[in-house]
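Undergrad: mind folding the following:
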Amino acid sequence: MPTTLISGRPIDVNDEGFLTEPDQWTREMAVELARDAGIDELTPQHWQVIDFIRKEYFEKGTGPTVRVLGKTSGVSVKELYQLFPKGPAKVAAKVAGIPKPRGCI
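TA: Modelled structure (predicted):
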């Protein structure tokens, strides 16, 4: 399993760069992961989505789909695509430090 440095810490990731141990994640890492995904700044709306995704993952064992995010996170699907333009479910999951959601290519 590959390891990478994120915020100066060695972190276990898969071949696509998703954390394999979500408990290793920190909010500081999210800022770095977001920059790597082309997101310069994490706004309160970004954090709302990130916190929601992590809560869902730890409650259900998987990240929510874009449709579920749009219906239950308090952020519309349109806004999700503005916040995470390269694919909201996949990019938000990576920034949130959880495995890639099922169904994401």
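Undergrad: for the rest of this, base every contact and every neighbour count on C-alpha atoms.
TA: Will do.
Undergrad: which element is V75 on?
TA: Following DSSP states H and E, there is no helix or strand that holds V75.
Undergrad: for it, give me its contacts.
TA: For V75, the contacting residues are 45, 49, 69, by Cα atoms under 8 Å, 6 or more residues apart in numbering.
Undergrad: which SSE is the second one in?
TA: Counting by DSSP H and E, the secondary-structure element that holds V49 is helix 44-60.
Undergrad: on that earlier part again, of the contacts of V75, keep whichever come out buried.
TA: 49, 69 (16 or more other Cα atoms under 10 Å).
Undergrad: of the contacts of V75, which is the nearest to I11?
TA: Nearest to I11 among those, counting by Cα to Cα, is V49 at 22.4 Å.
Undergrad: picking up where we left off before, elements contacting the helix holding V49?
TA: helix 88-96 (3 or more Cα pairs under 8 Å, 6 or more residues apart in numbering; DSSP states H and E).
Undergrad: now the helix it packs on: how far from the chain's centre is it?
TA: 3 Å (Cα atoms, centre = their mean, to the nearest Å).
Undergrad: packing partners of it?
TA: helix 27-36, helix 44-60, helix 66-72.
Undergrad: want to throw these into CSV with mean pLDDT and distance to V13?
TA: Output for these, formatted as CSV (pLDDT from 0 to 100; distance: least, Cα to Cα, whole Å):
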stretch, mean pLDDT, distance to V13
helix 27-36, 95, 12
helix 44-60, 96, 17
helix 66-72, 90, 23
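Undergrad: closest to T20 out of those?
TA: helix 44-60 (12.7 Å).
Undergrad: which residues touch that closest one?
TA: 62-64, 69, 73, 75, 83, 92-93, 95-98.
Undergrad: redo that, cut-off 10 Å
TA: With Cα atoms under 10 Å, 6 or more residues apart in numbering as the contact definition, helix 44-60 has outside contacts at 22-23, 27, 30, 34, 39, 42, 61-65, 69-70, 72-75, 79-80, 83-84, 88-89, 92-99, 101.
Undergrad: that's all I had, so thanks and see you.
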